[in-house]
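**Q** here are the coordinates; sequence isn't available:
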């Protein structure tokens, strides 16, 4: 039994629909675009797909981890306004690192269950490319001969100063704890790539993607925003990182740390993307004749030791199931973020997961991990997979830097 942590349970809260942009490799075709504009694109697309006018939205809940420009403070507000949400509707920024996207759904569920909102717009957006080169030491100037403190924000943010290690090293700790070998991690990564390619070829991924084109976002009385693709690119419509990656090829990559199991090929890809969903009360859905994609049953978040932060999904899932009165074998499909291959394998071993139910359309190793957008993407994907296969329950989950785990339970309204 999980001694600590909290869970939010919901009676009549629904995801009406969800959509995402393509996930594009670091320094690729989306690398120059503000995460605000990526978020606006996803927000507009999901409102259109769900058939929900912006005027019906009562709350905007957005997430973005690293600032992609100087507008980050107002990202949630601009996402809402330029998506057509009324001026009177407030917006909030949410941050739970890699668990941010799940936290968006949790907070939306609590707002709806409490009666504060009937419909909420949740948006996660991340530009890994535009992570800044930053300094925090020079407000008072540069002293002669003193070190200049500019550093790569993304690389430095991967370090946890409490245990004195970075996120990759936490996965190495789990590999040692659970006896996970380099060969097993490469096999898992190769499988993730193969499943992602198959899902692309079958059209499954295309069903949740809105292509990104050059366009202007107008807001009467205010400066326009928009997306302008560079060069000869007119449309970005497909994820770019997935490719067949045989074990033999992955096995030739040098580990990040000598003697370790993690490489650039079996860790989450760096990508730029945004994802959005509309969450609403059952009363709203029924009154407007909406057929929801999934019921949001509950969410749970827990803390774990920072030096093995990647194990976080295991206790989060256990707590969620305990509070919801379900057993692990009742869950038909899991989407657990593949921050690192060894980390995901450790979670699966700790829980005793049937690997045939895990990340069946590929995971972050193959597709990418755009921090704040990831939880939204995983939740949309698990809901769509349940719809496709007729499964009743699915869970999306992720580990969280600093030592946390978060999980979300969904139910398919069409399951027999």
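**A** That came in fine, so what should we check first? The structure displayed is predicted, hence computed values, not measured ones.
**Q** can you point me to the longest helix in this structure?
**A** Counting residues, the longest helix found in the chain (DSSP state H) is helix 182-202.
**Q** From the contact counts, what lies against the helix or strand just after it?
**A** Next in sequence after helix 182-202, counting helices and strands by DSSP states H and E, comes strand 212-213. Other helices and strands packing on strand 212-213, by 3 or more CB pairs under 8 Å, 6 or more residues apart in numbering; DSSP states H and E, are strand 235-236. Where C-beta positions appear, they are placed from N, C-alpha and C, glycine not excepted.
**Q** Quick check: which helices or strands does whichever helix or strand comes after the strand it packs on pack against?
**A** Next helix or strand after strand 235-236 toward the C-terminus (DSSP H and E): helix 247-250. Judged by 3+ CB pairs under 8 Å, 6+ apart, helix 247-250 is in contact with helix 182-202.
**Q** Tell me which residues of the helix it packs on come out buried.
**A** 182, 184-200 (16 or more other CB atoms under 10 Å).
**Q** cool, and stretch 339-351?
**A** Buried residues in stretch 339-351, counted by 16+ other CB under 10 Å: 339-351.
**Q** where does the stretch 301-416 of the chain have low pLDDT?
**A** Residues of the stretch 301-416 of the chain that meet the criterion pLDDT under 70 lie in 416.
**Q** again, only this time at 50
**A** Regions of the stretch 301-416 of the chain meeting the criterion pLDDT under 50 are absent.
**Q** mind listing the strands in the stretch 1-150 of the chain by residue range?
**A** Under the criterion DSSP state E, counting those that start in this stretch, the stretch 1-150 of the chain contains strands at 6-9, 13-20, 24-25, 59-63, 91-94, 119-127, 133-134.
**Q** and the first one, which strands flank it?
**A** Going back to what we said before, that points to strand 6-9. Paired with strand 6-9 in the same sheet, following DSSP bridges, are strand 294-303 (antiparallel).
**Q** C-terminal to the strand it pairs with, what's the next element?
**A** helix 313-324.
**Q** and the angle for that following helix with strand 294-303?
**A** 120 degrees (axes from the mean of the first three to the mean of the last three CA atoms, to 10 degrees).
**Q** I'd like the numbering to begin with 23 instead of 1 from here.
**A** From this message on, residue numbering opens at 23, which makes the last subject helix 335-346.
**Q** For residue 323, find the nearest of the strands of the stretch 23-172 of the chain.
**A** Proximity to residue 323, assessed across those by CB to CB, is greatest for strand 28-31 (6.2 Å).
**Q** How far away from the center of its chain is that closest one?
**A** Centroid separation for strand 28-31 versus its chain: 20 Å, with CA atoms, centre = their mean, to the nearest Å.
**Q** now that strand: mean pLDDT?
**A** Throughout strand 28-31, pLDDT has a mean value of 95.
**Q** Mark which of the buried residues of stretch 361-373 are part of helices, please.
**A** Judged by DSSP H, the subset of the buried residues of stretch 361-373 located in helices is 363, 364, 365, 366, 367, 368, 369, 370, 371, 372, 373.
**Q** Closest one to residue 173 out of those, please.
**A** Set against residue 173, the nearest of those by CB to CB is residue 365 (24.8 Å).
**Q** That closest one and residue 267: what is the separation?
**A** 18 Å (CB to CB, to the nearest Å).
**Q** What count of nearby residues applies to the residue nearest to residue 321 when sequence neighbours are not counted?
**A** Distances taken as CB to CB, 6 or more residues apart in numbering put residue 128 closest to residue 321, at 3.9 Å, once the chain neighbours are dropped. Neighbours of residue 128 under the rule other CB atoms under 10 Å: 26.
**Q** mind checking how far the residue lying closest to residue 208 once chain neighbours are set aside is from residue 365?
**A** Sequence neighbours aside, residue 272 is the residue nearest to residue 208 in space, at 4.2 Å (criterion: CB to CB, 6+ apart). According to CB to CB, residue 272 stands 16 Å off from residue 365.
**Q** Kindly report the same for residue 226.
**A** 25 Å.
**Q** can you give me how far stretch 206-213 is from the chain middle?
**A** So, by CA atoms, centre = their mean, the centroid of stretch 206-213 is 21 Å from its chain's centroid.
**Q** what does stretch 173-187 give?
**A** Centroid displacement of stretch 173-187 relative to its chain, using CA atoms, centre = their mean, is 20 Å.
**Q** What helices and strands are in contact with the longest helix of the chain?
**A** Packing partners of helix 204-224 (3+ CB pairs under 8 Å, 6+ apart): helix 269-272, helix 363-373, helix 386-389.
**Q** Quick check: buried residues in stretch 184-203?
**A** By neighbour count with 16+ other CB under 10 Å, stretch 184-203 contains the buried residues 185, 187-197, 200, 202.
**Q** Give me the subset of these lying in helices.
**A** Using DSSP H, the members of these that fall within helices are 189, 190, 191, 192, 193, 194, 195, 196, 197, 200.
**Q** contacting residues around the last one?
**A** Residue 200 makes contact with 364, 367, 368, 371, 372, according to CB atoms under 8 Å, 6 or more residues apart in numbering.
**Q** I'd like to know which of those is nearest to residue 32.
**A** Residue 32 lies nearest to residue 372 out of these, by CB to CB, at 26.4 Å.
**Q** With residue 303 as the reference, measure out to the closest residue to that closest one other than its chain neighbours.
**A** With CB to CB, 6+ apart as the criterion, residue 372 has its nearest non-adjacent residue at 4.1 Å, and that residue is residue 336. As judged by CB to CB, residue 336 and residue 303 stand 32 Å apart.
**Q** Just to check, the residue nearest to residue 321 is in contact with residue 319?
**A** No. Counting by CB atoms under 8 Å, residue 128 stays clear of residue 319, with 11.5 Å between them.
**Q** what residue of the chain is the furthest out?
**A** Distance from the centre of the chain peaks at residue 166, with 43.6 Å (CA atoms, centre = their mean).
**Q** pLDDT score assigned to that one?
**A** Residue 166 is assigned 91 on the pLDDT scale.
**Q** residue closest to the middle of the protein?
**A** Central residue of the chain (CA atoms, centre = their mean): residue 396, 1.1 Å from the mean position.
**Q** that older thread, nearest to residue 72, out of the helices and strands packed on helix 204-224?
**A** helix 386-389 (23.2 Å).
**Q** Relative to the whole chain's centre, how far out is the next helix or strand after that closest one?
**A** Next in sequence after helix 386-389, counting helices and strands by DSSP H and E, comes helix 393-411. Relative to the mean C-alpha coordinate of its chain, helix 393-411 is positioned 9 Å out (CA atoms, centre = their mean).
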